[in-house]
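Participant: okay, sequence plus prediction incoming.
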Amino acid sequence: MHDFWIRVSIPVALSALAALVIWGMFSAAIALVSMLVLLLIVMAYHARQLFKLGEWLKDARPETIPEAGGIWDEVFSQLYKMVKKHNQTKQKLAEELQHMEQATAALPEGVAILNEANRLEWFNPIAQQHFDLDAEHDIMQDITYLVRQPEFVEYIHESPSGKSGLGKPLLMRPLRHADMVLSIRLIPYGGDKRLLITRDITQFERVEAMRRDFVANVSHELRTPLTVVNGFVENLQDMPDLGQDDARRALHLMAEQTRRMENLVADLLTLSRLENDQSPLREETVDMSALLDEIYRDGRLLSGKKHTLQLEMQSKAKLLGNREELLSAFGNLLGNAIRYTPEGGAILLSWSERDGQPVFSVQDSGIGIAPEHIPRLTERFYRVDRSRSRETGGTGLGLAIVKHIAIRHQAKLEISSEVGKGSTFALVFPV
Ligand code: ADP
């Protein structure tokens, strides 16, 4: 400060000194005029620097800062440092803001900020996608005008700003994405604002529905044989003097039902083992001709000479896979061919190659399958004809097991069929 006043006073002091010298040499009047002129020059210099400063302030950028000498040099250099620091801080804040935006954009959940009037202040791309928002036009629009589903509007109005966000979320299917299920939650923050969080739980809901269906199906499948067995047990209890033949018939039917339950439990255990990610595939090189011979012999026993069974080994390709699992998959396909082909029909088992890919196929001349059923055959408990499947001892899980084994061997299950003519089930393995 002290230094500043000294530097400002120097030109004035020099003017006064010059005036004194002129007074000594000439007269007081000339000295006064000279001093006035010198002071005017000093003032004009300051006015010029002030003008430059004013001009520069209109667009203050460090690279355009004016150059000046003396006291103004210091002023401009201080301003230069200030603007530079300000720009650096601004850039740092912009970068941090960008990071925040990138982080929220990367969130797997939709996030939107609502103000006290339920207007959208900001939203991330996932929220935009969930509600079909327009990033340009929907900012500061009332969310209840943009998403007009009554349950959503009610949820927004009934969750006051002060309430904690840990209440029950709203489950909703957006109008424009009817196949999507969203879980929506409102979290109050910063006084009167609210965070709207949306989560796509479609997959979770699907798995939940599958789990519920599965439990219902298993219970239903077990209840029928249990009811039959129970009925016979009650009959035997009520009629202790039942004839030997009747008792034997009852026991035979009971044994049939318990076998059915046993088959069901065995298939359920197989499926659960196959679905368990923790049970890795134990691979070995499988001798296909020995394996198919075994399948063929089992098939002949199961058919009981009711069908013409043929085995064609057109390829010598060996497989890298799990023998037990392959035996189970091939056995299931052959078992189905036998069960769904009336007496006298023909069944052809073959091991061949298609474009270098090994193919196992079972072709039958059986009842065939209508096209609308084909895509659903590998679903658990899906049957075209429930009673026929049961009569022949089917559990409804055979093809689900085949599909899992195929997946574990990177193979594809191909089904082609014509009602009344027969079906071909083929497992196409990778090269
Ligand atoms: P299931 O124990 O009922 O046979 P699967 O999962 O093995 O269960 O098969 C599902 C359904 O696919 C069967 O109920 C049957 O309707 C149909 N299906 C399977 N294989 C054949 C086939 N070779 N011919 C006709 N229909 C078949």
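Facilitator: Yes, it's here.

Participant: which positions in the stretch 301-431 of the chain make contact with the ligand?
Facilitator: 336-337, 340, 364, 366-367, 369, 377, 382-385, 389, 394-400, 423 (CB under 6 Å from any ligand atom). For every residue, glycine as well, the C-beta is placed using N, CA and C.

Participant: what ranges do the helices span in the stretch 201-350 of the chain?
Facilitator: For the stretch 201-350 of the chain, the helices defined by DSSP state H, counting those that start in this stretch occupy 202-238, 244-275, 288-303, 323-339.

Participant: name the residues of the longest one that are buried.
Facilitator: By that I understand helix 202-238. Using 16 or more other CB atoms under 10 Å as the test for burial, helix 202-238 gives 218, 221, 225, 228, 229, 232.

Participant: between those residues, which is closest to the ligand?
Facilitator: Lowest distance from the ligand to the buried residues of helix 202-238 (CB to the nearest ligand atom) belongs to residue 221, with 10.5 Å.

Participant: so how far is the ligand from the residue nearest to the closest one when sequence neighbours are not counted?
Facilitator: Nearest-residue entry for residue 221: residue 264, 5.6 Å, with adjacent residues in sequence omitted and distances by CB to CB, 6 or more residues apart in numbering. Relative to the ligand, residue 264 is positioned 10 Å away (CB to the nearest ligand atom, to the nearest Å).

Participant: shaky segments in the chain?
Facilitator: 1, 160-166, 277 (pLDDT under 70).

Participant: now the buried residues of helix 202-238 in TSV, with distance to residue 143?
Facilitator: Listed next are the buried residues of helix 202-238 as TSV, based on distance: CB to CB, whole Å:
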residue	distance to residue 143
218	44
221	47
225	55
228	58
229	59
232	64
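
Participant: residues near residue 267, how many?
Facilitator: By other CB atoms under 10 Å, 21 other residues sit near residue 267.

Participant: count of neighbours near residue 107?
Facilitator: That count, for residue 107 with other CB under 10 Å as the rule, works out to 13.

Participant: so who does it touch?
Facilitator: By CB atoms under 8 Å, 6 or more residues apart in numbering, the residues touching residue 107 are 124, 126.

Participant: and what of residue 355?
Facilitator: Contacts of residue 355 by CB under 8 Å, 6+ apart: none found.

Participant: and it, how far from residue 428?
Facilitator: To residue 428, residue 355 is 10 Å away according to CB to CB, to the nearest Å.

Participant: so which of the residues of the stretch 301-431 of the chain next to the ligand belong to strands?
Facilitator: Counting by DSSP state E, these place 364, 423 in strands.

Participant: quick revisit: quick one: the residue nearest to residue 221 and residue 224 touch, right?
Facilitator: No - using CB atoms under 8 Å, residue 264 is not in contact with residue 224; the gap is 10.2 Å.

Participant: so how do I select the buried members of the residues of the stretch 301-431 of the chain next to the ligand in PyMOL?
Facilitator: Buried residues among those (16+ other CB under 10 Å), as a PyMOL selection:
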select buried, resi 336+337+340+364+366+367+369+377+382+383+384+389+394+395+396+397+398+399+400+423
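
Participant: that's a strand at residue 426, yeah?
Facilitator: Yes - the assignment for residue 426 by DSSP: H, G, I helix; E, B strand; the rest coil puts it in a strand.

Participant: what's residue 23 in contact with, if anything?
Facilitator: Taking CB under 8 Å, 6+ apart, one finds 30, 31 in contact with residue 23.

Participant: for the ligand, what's its nearest residue on the stretch 51-200 of the chain.
Facilitator: Closest point on the stretch 51-200 of the chain to the ligand, by CB to the nearest ligand atom, is residue 179, at 26.2 Å.

Participant: ok, residue 278 to the ligand distance?
Facilitator: Counting by CB to the nearest ligand atom, the gap from residue 278 to the ligand is 25 Å.

Participant: renumber starting at 53 from here on
Facilitator: Renumbered: residue one is now 53, and that last one reads residue 330.

Participant: how about stretch 232-241: buried residues?
Facilitator: For stretch 232-241, by 16+ other CB under 10 Å, it's 233, 234, 235, 236, 237, 238, 239, 240.

Participant: all strands for the stretch 153-302 of the chain, in order.
Facilitator: Under the criterion DSSP state E, counting those that start in this stretch, strands of the stretch 153-302 of the chain are mapped to 162-166, 172-175, 222-224, 234-241, 245-252.

Participant: if we can go back for a sec, residue 324: which of the buried residues of stretch 232-241 is nearest?
Facilitator: Nearest to residue 324, judged by CB to CB, of these is residue 233 at 26.7 Å.

Participant: doesn't residue 257 make contact with the closest one?
Facilitator: Yes - using CB under 8 Å, residue 233 makes contact with residue 257 at a distance of 4.6 Å.

Participant: any idea whether residue 69 is helix, strand or coil?
Facilitator: helix.

Participant: that one: how many residues sit nearby?
Facilitator: With other CB under 10 Å as criterion, residue 69 counts 12.

Participant: only C-alpha atoms, please: export stretch 295-310 in PDB.
Facilitator: C-alpha atoms of stretch 295-310 as PDB (Å, rounded to 0.1, in the frame of the first residue of the first chain):
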ATOM      1  CA  GLY A 295     -59.400-110.900  -2.300                       C
ATOM      2  CA  GLN A 296     -55.800-111.700  -3.200                       C
ATOM      3  CA  ASP A 297     -56.300-110.800  -6.900                       C
ATOM      4  CA  ASP A 298     -57.800-107.400  -6.000                       C
ATOM      5  CA  ALA A 299     -55.000-106.700  -3.500                       C
ATOM      6  CA  ARG A 300     -52.400-107.600  -6.000                       C
ATOM      7  CA  ARG A 301     -54.000-105.400  -8.600                       C
ATOM      8  CA  ALA A 302     -54.100-102.500  -6.100                       C
ATOM      9  CA  LEU A 303     -50.500-103.000  -5.200                       C
ATOM     10  CA  HIS A 304     -49.500-103.100  -8.800                       C
ATOM     11  CA  LEU A 305     -51.200 -99.800  -9.500                       C
ATOM     12  CA  MET A 306     -49.700 -98.300  -6.400                       C
ATOM     13  CA  ALA A 307     -46.200 -99.500  -7.500                       C
ATOM     14  CA  GLU A 308     -46.900 -97.800 -10.900                       C
ATOM     15  CA  GLN A 309     -47.700 -94.500  -9.200                       C
ATOM     16  CA  THR A 310     -44.700 -94.600  -6.800                       C
END
